[in-house]
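Student: curious how this folds, go ahead:
(one chain, ligands or ions: 1)
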Amino acid sequence: MNSRIEQVTPEVVLPKAGLTGLLVNGEWRTPAKGKTLDVENPSRRQTLATIGASDEDDVKAAVAAASAAFPKWRRLASRARGALLTELGNRVTTNAEEIARVLAAESGNALRTQSRPEVLGAAEVLRYYGGVIAEQKGETLPLGPGLFSYSTREPLGVVGAIIPWNSPVVLAAVKIGMALGTGNTLVLKPAEDAPLAVIKIAELAADLFPAGVFNVVTGTGIDAGAPLAAHPNVAKVSFTGSLEVGKLVGHAVADRIGHATLELGGKSPCIVYPDAAAPAYVDATVAGIINAMRFARQGQSCTAGSRLYVHKDVWDTVMTKLVAKVKELKIGDSLDESNDIGAIINAERYSEVRAFIDEAINNGAQVLTGSLPPDVSEAKGFFPEPVIFAGVDNSWRVTREEVFGPVLVAIPWSDEEEVIKWANDTVYGLAAYVFTNDLTTALKATDQIDAGWLQVNRAGGQIPGMSYGGAKQSGIGAEYSIEGALEAYTSRKSVTINA
Ligand code: NAD
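Tutor: Residues are numbered from 1 along each chain as shown. Next up, the predicted model:
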């Protein structure tokens, strides 16, 4: 087995040399078949590290370790489990800069605008669950004299968590916090393109939790993700990723009547009402549109507000300012503090994003800003500039499918009923953004748009404590809040007593 993590990019401190990425029963292991995978820095097209690639045998070992650790872990008082999560959050804060630099290098997400805030946010998430998890309460029901029922919230068993590469650290923190806090044990599978920052967090966690409570299997989706989703002893799968893979995971879990939460893709609308373009508000609205589109994360966000509907009366005002602001964004190496935007994750995704841009241009879309990026064979790093298209409608592929790149389509509207219809004209229902200062208008729009998370005059990320999950084909289940975590990671046990 020649897997190794070696220092190629001098500005980052990779997980300790010799670690394979496979954490089973509190030990760093070599994958059974000795397979490896390379992790690339997409800004530089350079291999950052070569780590172990797990397969079914390693997944079985990790699930066995998690199963063995479950009986004792579930009996620990929830506040004691919470204290360990709080400690992990504090360790992440102490090591935040190191983790953020690794994250920026492997994910291509710019250090200043994305990776550093993500790591600090992940620490906050862990401390949130650390504090609130003691609220793992049930209910009591008086049923008559001498007769009552009470319920408890029981952990499910082994949780298999599968995460994508676009915000791996915060997603790992959310799954660790919810699964372990509620008394389950965990096997976490990071994405093959961005596992290193998660491994750094696992290093901080390895001596904290009892052996087997927290396990990590690195590897590809086919070799490590699929066996984890299909394992008969995995009581619940928490999956965050694409709609296509979400369907496979849903099928695998259904076969054994397992529990599943699916957090999938989106094609979220962003509606601008005329009043939001008044002189006092227009700058904030434009900043909100840019934030909603997650241009600073190369558009690689499930909640990206990638369909922009601007009222025709304020189209010129909004679009002129929007284009000017987007042109100011600086693109380049994710580790360079001066850059706002980094690189697309890998060659395949870069080529797919490029194909969307190429197709729309060939079909006559009007390019308000941006251009066709170089072919992958000529690209030094995967840096497409942000693109804004006009002259398209809801029927175009670029308007209907999740591009997962910095590509925004802008469409003027004049009839409120029609724009709400356009907003809902999608298989997805993850997020939506509404810009208006009129409360009645905002309430009407949020009532009528089918999405799991609506933001009015705001376009930031999730905040610990809020409920989060998708409608329609964007997913099943809403986690994140303590109520969501309890629903998703525990089952109710009722006890009826006749005194
Ligand atoms: P992906 O579905 O390709 O991969 C996600 C994870 O699933 C990875 O760890 C991958 O290795 C694993 N996987 C792949 N094939 C598998 C299989 N057959 N069985 C089990 N696991 C498998 O997604 P991605 O490209 O890494 O991420 C981008 C997608 O994730 C986008 O669609 C985005 O919208 C979505 N996403 C959703 C949310 C949300 O909260 N709803 C958050 C972030 C990203």
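Student: okay, strands next: where are they in the stretch 51-200 of the chain?
Tutor: Taking DSSP state E, counting those that start in this stretch, the strands of the stretch 51-200 of the chain run over residues 140-144, 147-155, 158-162, 185-189.
Student: quick one: closest of the ones you listed to E337.
Tutor: Closest to E337 of the strands of the stretch 51-200 of the chain, according to C-beta to C-beta: strand 185-189, at 30.1 Å. All C-beta atoms are positioned from the backbone trio N, CA, C, and that covers glycine.
Student: show me what contacts G138?
Tutor: G138 sits next to Y150, S151, T152, R153, R492, K493 when contact means C-beta atoms under 8 Å, 6 or more residues apart in numbering.
Student: which secondary structure elements does the helix or strand hosting the last one sit against?
Tutor: Assignment of secondary structure by DSSP states H and E places K493 within strand 490-498. Secondary structure elements in contact with strand 490-498, counted by 3 or more C-beta pairs under 8 Å, 6 or more residues apart in numbering; DSSP states H and E, are strand 147-155.
Student: tell me the strands beside the strand it packs on, with direction?
Tutor: strand 140-144 (antiparallel), strand 490-498 (antiparallel) (DSSP bridges).
Student: indicate which one of those is closest to the ligand.
Tutor: Nearest of these to the ligand, taken as C-beta to the nearest ligand atom: strand 490-498 at 20.7 Å.
Student: next, the buried residues of the closest one.
Tutor: Burial within strand 490-498, assessed by neighbour count using 16 or more other C-beta atoms under 10 Å, is assigned to T490.
Student: so how far is that strand off the chain centroid?
Tutor: Its chain's C-alpha centre and that of strand 490-498 lie 34 Å apart, by C-alpha atoms, centre = their mean, to the nearest Å.
Student: same question, stretch 490-499
Tutor: For stretch 490-499, the distance to the chain centre is 36 Å (C-alpha atoms, centre = their mean).
Student: repeat for stretch 396-416
Tutor: Relative to the centre of its chain, stretch 396-416 is centred 21 Å away, using C-alpha atoms, centre = their mean.
Student: over to stretch 292-308?
Tutor: Offset of stretch 292-308 from its chain centre (C-alpha atoms, centre = their mean): 12 Å.
Student: and the residue in the stretch 51-200 of the chain that the ligand sits nearest to, how far is that from S377?
Tutor: Nearest residue of the stretch 51-200 of the chain to the ligand (C-beta to the nearest ligand atom) works out as P164 at 3.1 Å. Counting by C-beta to C-beta, to the nearest Å, the separation of P164 from S377 is 26 Å.
Student: so those two - more neighbours on which side?
Tutor: P164 (23 against 7; other C-beta atoms under 10 Å).
Student: the spatially closest residue to the more buried one that is not a sequence neighbour and P274, how far apart?
Tutor: Spatial nearest neighbour of P164, chain neighbours left out: G241 (4.6 Å); criterion: C-beta to C-beta, 6 or more residues apart in numbering. Distance, G241 to P274, using C-beta to C-beta: 38 Å.
Student: mind checking which of these two has more residues around it?
Tutor: Each of G241 and P274 has its neighbours counted (other C-beta under 10 Å); G241 has more, 23 against 17.
Student: hang on, the more buried one packs against N166?
Tutor: No - applying C-beta atoms under 8 Å as the test, G241 and N166 come out as separate, 9.4 Å apart.
Student: overlap in contacts of these two?
Tutor: Residues within reach of G241 and of N166 at once, by C-beta under 8 Å, 6+ apart: there are none.
Student: before we move on, back to that, could you redo the contacts of G138 as JSON lines and give each row distance to the ligand and pLDDT?
Tutor: Listed next are the contacts of G138 as JSON lines, based on distance: C-beta to the nearest ligand atom, whole Å; pLDDT from 0 to 100:
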{"residue": "Y150", "distance to the ligand": "34", "pLDDT": "97"}
{"residue": "S151", "distance to the ligand": "29", "pLDDT": "97"}
{"residue": "T152", "distance to the ligand": "29", "pLDDT": "97"}
{"residue": "R153", "distance to the ligand": "24", "pLDDT": "97"}
{"residue": "R492", "distance to the ligand": "25", "pLDDT": "96"}
{"residue": "K493", "distance to the ligand": "29", "pLDDT": "97"}
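Student: what's the farthest-apart pair in those?
Tutor: Every pair in the contacts of G138 was compared (C-beta to C-beta); the two farthest apart turn out to be Y150 and R153, at 11.3 Å.
Student: neighbour count: those two, which is higher?
Tutor: Legend: neighbour count by other C-beta under 10 Å for Y150 and R153, higher for R153 (20 against 14).
Student: who's in contact with that one?
Tutor: By C-beta under 8 Å, 6+ apart, the residues touching R153 are Q136, K137, G138, T182, L486, T490, S491, R492, K493.
Student: quick one: which two of those residues are the most distant?
Tutor: Applying C-beta to C-beta across those, the maximum distance is between K137 and S491, 14.4 Å.
Student: now do the strands in the stretch 201-350 of the chain.
Tutor: So, for the stretch 201-350 of the chain - with DSSP E, counting those that start in this stretch - the strands run 214-216, 234-240, 259-263, 269-272, 307-311.
Student: okay, those in a markdown table with mean pLDDT and mean neighbour count next?
Tutor: As requested, these are exported to a markdown table (pLDDT from 0 to 100; neighbours: other C-beta atoms under 10 Å):
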| stretch | mean pLDDT | mean neighbour count |
| --- | --- | --- |
| strand 214-216 | 98 | 28 |
| strand 234-240 | 98 | 26 |
| strand 259-263 | 98 | 23 |
| strand 269-272 | 98 | 28 |
| strand 307-311 | 98 | 25 |
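Student: nearest to the ligand, of those strands?
Tutor: With C-beta to the nearest ligand atom, the closest approach to the ligand among the strands of the stretch 201-350 of the chain belongs to strand 259-263: 3.4 Å.
Student: quick one, what contacts V314?
Tutor: Listed by C-beta under 8 Å, 6+ apart, the contact partners of V314 are V272, P274, A276, A277, V282.
Student: and the residues you listed, which of them are in helices?
Tutor: Among those, the residues falling in helices (DSSP state H) are V282.
Student: make CSV out of the contacts of V314 and add distance to the ligand.
Tutor: Listed next are the contacts of V314 as CSV, based on distance: C-beta to the nearest ligand atom, whole Å:
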residue, distance to the ligand
V272, 23
P274, 31
A276, 26
A277, 29
V282, 29
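Student: and the furthest pair within the contacts of V314?
Tutor: Using C-beta to C-beta, those span at most 10.8 Å, a distance reached by P274 and V282.
Student: circling back to that earlier point, L308 is nearest to which of the strands of the stretch 51-200 of the chain?
Tutor: Minimum separation from L308 across the strands of the stretch 51-200 of the chain (C-beta to C-beta) falls at strand 158-162, 31.2 Å.
Student: partner strands of that closest one, parallel or antiparallel?
Tutor: strand 185-189 (parallel), strand 234-240 (parallel).
Student: sorry, back to before: tell me who's in contact with the residue of the stretch 51-200 of the chain closest to the ligand.
Tutor: Residues counted as contacts of P164 (C-beta under 8 Å, 6+ apart) are L171, A191, T240, G241, S242.
Student: contact residues of the protein facing the ligand?
Tutor: Within the chain, the positions near the ligand by C-beta under 6 Å from any ligand atom are 162-166, 189, 191-192, 220-222, 225-226, 229, 240-242, 245, 248-249, 263-266, 302, 402, 404, 430, 470, 475.
Student: just the ones of these in helices?
Tutor: A226, A229, V245, L248, V249.
Student: count of neighbours near the residue lying closest to the third one once chain neighbours are set aside?
Tutor: If the residues on either side of it in the chain are set aside, V245 comes closest to G221, at 6.4 Å by C-beta to C-beta, 6+ apart. A count of neighbours around G221, defined by other C-beta under 10 Å, yields 19.
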